[in-house]
Each structure stands twice: as C-alpha cells, then as structure tokens.
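Q: pasting a predicted model and its sequence here:
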Amino acid sequence: MSLALLVPAGLAALAALLVPLLLHLARRSEQRTTDFAALRWLAPNTRPRRKRRFDERLLLLLRLLLLVALALLLAQPVLYGADDRTPWMIVAPGVPASTARAVAGNESARLHWLAVGFPSLDAPAPPRVQPLASLLRELDATLPAGAPLTVLVPAALDGADAQRPRLVRAVDWRVVPAVEDSAHPAQTVHIPPLALDVRARPDAQGLRYLHAAGVAWQARAEGTQSRAAPAARSASSVRVADPAQPLPSTAHPLAWLIPGPLPDALHAWVRSGGSVLLSSDVRAPGMDAAAPAWHDEHGEPLVRTMRLGRGRLLQFTRPLAPATMPQLLEADFPERLRDLFAPAVPAPARVSAGDYAPTVGAAPYPRPPRPLASWLVVTAALLFALERWLACGPRRELAR
C-alpha cells in the first residue's frame, strides 16, 4: 500500500497552524493590578522576564490537529494497493447452488451467479442463457488484481460467443454436473475447426507453425488430445497452395507468406470482403499505422490489423521464427491465431465448457485508488467536537 496526494497544493493550508499558536501566546489569563495603601510609596522592583509559554496545551493540540486534518482533506489523499483480496466463486446458471456451496466448503469466498448484475447465490437461479463471455470480462475488469476467481460451469455452456474470453487473471475453471433442463437439452456443440488457406512457397519461413496450429484446431474439433493416434495427429485444417493458384472464397481466411508488395488481385480480394494474414516481409500500404491486434508480454504488437473495404488486412510485425517470435512455441499459439480470425467464425449458441476455458493475456485494467476523504471528514468532526467541549465545557468555566 502507498499513500499519495491528488492535490499536493492543498498542503499550503498548513500555514494556518500559525494562527492558533499566535492566539495562545497572545491570550493569557487576565491579571488585574490591585494597589495596596501600605505598598503605595515603595519603589517598584524590576520584574524578571518571564518565559513565553503556551497555556491550555491540550486545547492547542486539538486545534492544530483539526487544521492538519482540514489541510489533508484539501490535498485529497488516496491509498493505492489497498484492494480487497477476498476470493470470488462465480456459478454459471445450470449448476446447482448446493453443489457450489459444497465446492466452496468453509472457505470465505463470495458466492455469486454468473448473470447480469452478479446476484448473490442466495437469490433464485437466473435464466440459463446469459452473455457469459461479456460477464466474465466485466467481472475481471471490476475485481481487484489479486482476488482469486473460481468459475463453476456445467458441461455445456449457453450464451457463448465466437471468441474464448481473454482475461487478466488466471481463472480456476471447473466443470461440474448440471441441472437437467428440459427446455435446454444438454447437447454439446463444438466450435468447428478454422479452415485456413495459405499461399506460400514450400520452403516459406513459419509454414510449419501454421501447420501445427491447423493440427491443433482439427484435434480440438474431433475431441482428440495430444496423445491421439498418428493419423489424427497428421490431419490439419491448413491448406497450402502455390501462389499462382486462384484465391479462395472470401468466406475463408487466407495467410499470404510471399515477400514483396501486396498483389493487386489480393488487394481486390480483401476489399470484396476477405481476411488475409500477411507475413512481416509483405509491403502493404498503411500497415505501419494499423491498430495492434495481438501484443506480447511487454505490450509490443505482434500483429496489426486494419479495415480495407469490406475486408481486413492483418500482418505479423516479426518474422515467423522462434528467435524473433517465441510465441510460436507456446501452447496457446493455435488459439491466439484463431482469435485473429474470430469475426469470420460463426458464433455458436452452445459450446463445450472444457473448450471454452478463458485464456490469460489481456491487458490489466488500471485500478482506481481508494479515497480517504470520508475518514478525514469523520476525524475532523470528532476533533472539532472535542475542541468545542474543552473550550466551552464545565472545566473551562471553573478555570475562569
């Protein structure tokens, strides 16, 4: 935690501390001189110099503290890093509330439904169809950075969009048995594999990594794992052809790995509605100022994108080699590559929960500081009340 001042100039009000100091020096107990007849003709002696001292020091201290509190209030102090780290457990509609409480156990986690408004788990179960991806992103943006998040989902999710949620934090994604719902039978619909057409020479740099991504897409669609049979591992949804071959339909995304200027035919294909991913050695006008579509862990763009007519141009900013782009060797590269073409993928109504687990890599959201103005107002009010009690109370009257 760290303390900061939004308006440091407000500390100039501390100069007002001189006012009560001077008043307490000037205002002393009233002393009246009384002449005695027997002492009338005596020569007055020189009075010794008295040391200046403050009367009613407790009252003076309270007034000084009151002025300090008011000066701090003007400076608007805030506290950074004082976030609530209480764990959260979000339950998707379809998971029984009793199951969620059993999973939570005796942990002090906050239990809420994954629904609009994030109602408490004690509220009635919300409708099963919810914008799950949008709700997860919203909750990820509002929760403190250090708050753990557990998400309980049924085996089949309704309300999914075409892109897996990308969050700031790592989520404990748990698939649990769901409540039977006759209105929504539990039929799992897998996201179809992305069919990517590639125009490149056989020795093109990075072609092997696109092939590996295509194998991962096909294996995910078929429900296979990394230990599947060799025949399943060799299948790929990436189709490579010679650059002289005709361009595919604009409904299919294209990767262009041919160095040099952007061909006129490809330019017209994109303007008519196609989406193409270019290698870094392709010269396309305007791509240097295009918007980033994929960042690395340091915030540097890996892929840029821009609209061109009814289509989109995307381009790698680095050569497709692990030395310059280590993301090629990461396990989530197929999913990140697929996310670049997500607008071309139809949004499913229901997906497998195991295939829809959120990924990590979104840019962190700035956390607002916690203002301390309310605490200072209460402190100033208490100091003022205590100061008035000492200044006007019965002890003050007796002292007079």
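A: Yep, it's here.
Q: could you pull out the helices for the stretch 151-300 of the chain?
A: 207-222, 230-234, 264-271 (DSSP state H, counting those that start in this stretch).
Q: closest one to residue 341 among the ones you listed?
A: Nearest to residue 341 among these is helix 207-222; the distance by CB to CB comes to 10.8 Å. (Each C-beta comes from the backbone N, C-alpha and C, glycine too.)
Q: what is the strand ranked longest in the chain packed up against?
A: With residue count as the measure and DSSP state E as the assignment, the chain has strand 301-308 as its longest strand. When contacts are defined as 3 or more CB pairs under 8 Å, 6 or more residues apart in numbering; DSSP states H and E, strand 301-308 sits against helix 264-271, strand 291-295, strand 311-316.
Q: now mean neighbour count and mean pLDDT too, for these, in TSV please.
A: Shown next, in TSV, are these (neighbours: other CB atoms under 10 Å; pLDDT from 0 to 100):
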stretch	mean neighbour count	mean pLDDT
helix 264-271	16	92
strand 291-295	14	90
strand 311-316	23	93
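Q: between the helices of the stretch 151-300 of the chain, which gets nearest to residue 138?
A: helix 207-222 (26.7 Å).
Q: packing partners of that closest one?
A: strand 196-199, helix 230-234, strand 238-241, helix 333-340.
Q: lowest mean pLDDT across those, which one is that?
A: Across these, helix 230-234 has the smallest mean pLDDT, namely a mean of 43.
Q: show me the shaky parts of the stretch 1-150 of the chain.
A: 1, 27-55, 80-84, 106-107 (pLDDT under 70).
Q: count of residues packed around residue 59?
A: 18 (other CB atoms under 10 Å).
Q: roughly how far does it sit from residue 65?
A: 11 Å (CB to CB, to the nearest Å).
Q: so which of the helices of the stretch 151-300 of the chain gets nearest residue 302?
A: helix 207-222 (13.0 Å).
Q: quick one on the thing from earlier: the longest strand of the chain: partners in the sheet, and parallel or antiparallel?
A: strand 291-295 (antiparallel), strand 311-316 (antiparallel) (DSSP bridges).
Q: let me know how buried residue 155 is, in neighbour terms.
A: 14.
Q: cool, residue 197 as well?
A: For residue 197, using other CB under 10 Å, the count is 19.
Q: what's the answer for residue 378, then?
A: Neighbour number of residue 378 under other CB under 10 Å is 11.
Q: quick one: contacts for the closest residue to residue 14 other than its chain neighbours?
A: Among residues not flanking residue 14 along the chain, residue 71 sits closest, at 4.8 Å (CB to CB, 6 or more residues apart in numbering). The contact partners of residue 71, taken as CB atoms under 8 Å, 6 or more residues apart in numbering, are 10-14, 16.
Q: which of the residues you listed are buried?
A: 10, 13-14 (16 or more other CB atoms under 10 Å).
Q: show me the strands in the stretch 101-250 of the chain, by range?
A: 110-113, 149-153, 156-158, 166-167, 172-175, 196-199, 238-241 (DSSP state E, counting those that start in this stretch).
Q: can I get these in JSON lines with distance to residue 268?
A: Output for the strands of the stretch 101-250 of the chain, formatted as JSON lines (distance: least, CB to CB, whole Å):
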{"stretch": "strand 110-113", "distance to residue 268": "50"}
{"stretch": "strand 149-153", "distance to residue 268": "44"}
{"stretch": "strand 156-158", "distance to residue 268": "40"}
{"stretch": "strand 166-167", "distance to residue 268": "33"}
{"stretch": "strand 172-175", "distance to residue 268": "43"}
{"stretch": "strand 196-199", "distance to residue 268": "15"}
{"stretch": "strand 238-241", "distance to residue 268": "18"}
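Q: need the contact list for the spatially closest residue to residue 296 that is not a sequence neighbour.
A: The shortest distance from residue 296 to any non-neighbouring residue, by CB to CB, 6+ apart, is to residue 302 (5.6 Å). Neighbour list for residue 302: 292, 294-296, 316-318, 325, 327 [criterion: CB under 8 Å, 6+ apart].
Q: what does the pLDDT read for residue 302?
A: Value for residue 302, per-residue pLDDT: 93.
Q: let me know the closest of the buried ones among the contacts of residue 71 to residue 252.
A: For the buried ones among the contacts of residue 71, the nearest to residue 252 is residue 10 (61.7 Å; CB to CB).
Q: so what's the backbone phi/psi at that closest one?
A: In terms of degrees, to the nearest 10, the main-chain angles of residue 10 are phi -70, psi -20.
Q: mind checking how far it is from residue 326?
A: From residue 10 to residue 326 the distance is 49 Å (CB to CB).
Q: with residue 23 instead?
A: From residue 23 to residue 326 the distance is 70 Å (CB to CB).
Q: and what of residue 352?
A: Taking CB to CB, one finds residue 352 at 30 Å from residue 326.
Q: who has more neighbours, the two?
A: Taking neighbours as other CB under 10 Å, residue 352 and residue 326 compare with residue 352 leading, 19 against 13.
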